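J.: Just a sequence and a predicted model for now, questions to come.
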Amino acid sequence: MVTGIGAGAIPPLLGPGAAFLLASVHPAIVQPDDVPPRKGGHLVLVTRACATGGIVFHNPSGYEDASRENVRLPLATFDRFFAGRGIVVKG
């Protein structure tokens, strides 16, 4: 388990060994342009970092494929929803 981290600390966690992160985010992440009332309370599976500086994740409660599967967000956007905690799962 990791706690007290910002979104910028996520990409190194996903390095060699096919690691994933179950990240605590606010459920409003399905609408990334919104400002969440708080952070955390919902889990998404972060699968990889993007070469462009963002991350890719799966959100089982997304409304449609675009907000459910292989969702790409810049780290700064993800950080607005991210509670700074999660569980690293090594593959």
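T.: Okay, I see it. Every value quoted in this text rests on a predicted model; they were computed, and no experiment measured them.

J.: ranges for the helices of the chain?
T.: Residue ranges of the helices in the chain, as given by DSSP state H, are 10-13, 65-68, 75-81.

J.: just those helices: most buried one?
T.: With neighbours taken as mean count of other Cβ atoms under 10 Å, these reach their highest mean count in helix 75-81, at a mean of 19. Every residue, glycine included, has its C-beta placed from N, CA and C.

J.: Please enumerate residues in contact with that helix?
T.: 6-8, 10-11, 25-26, 28-29, 32, 35-36, 39, 53-55, 57 (Cβ atoms under 8 Å, 6 or more residues apart in numbering).

J.: Which of those fall in strands?
T.: Mapping these onto strands (DSSP state E) picks out Val25, Gly54, Ile55, Phe57.

J.: Let me see the contact set for Ala7.
T.: Here Ala7 is in contact with Ile55, Leu75, Ala76, Phe78, Asp79, Phe82 (Cβ under 8 Å, 6+ apart).

J.: what's the distance between the third one and Glu69?
T.: From Ala76 over to Glu69 the distance is 22 Å, taken as Cβ to Cβ, to the nearest Å.

J.: What of the first one?
T.: Distance, Ile55 to Glu69, using Cβ to Cβ: 14 Å.

J.: Have a look at these two and say which one is more surrounded.
T.: Ile55 (24 against 13; other Cβ atoms under 10 Å).

J.: beta partners of that one?
T.: Ala49, Leu73 (DSSP bridges).

J.: quick one: it and Arg48 touch, right?
T.: Yes. Shown here, Ile55 and Arg48 form a contact pair, counting by Cβ atoms under 8 Å, at 7.1 Å.

J.: And the closest residue to Pro32 other than its chain neighbours, what's its pLDDT?
T.: Excluding its sequence neighbours, the residue lying closest to Pro32 (Cβ to Cβ, 6 or more residues apart in numbering) is Thr77, at 5.2 Å. Thr77 is assigned 97 on the pLDDT scale.

J.: Could you do the one 3 residues further on as well?
T.: pLDDT recorded at Arg80 is 97.
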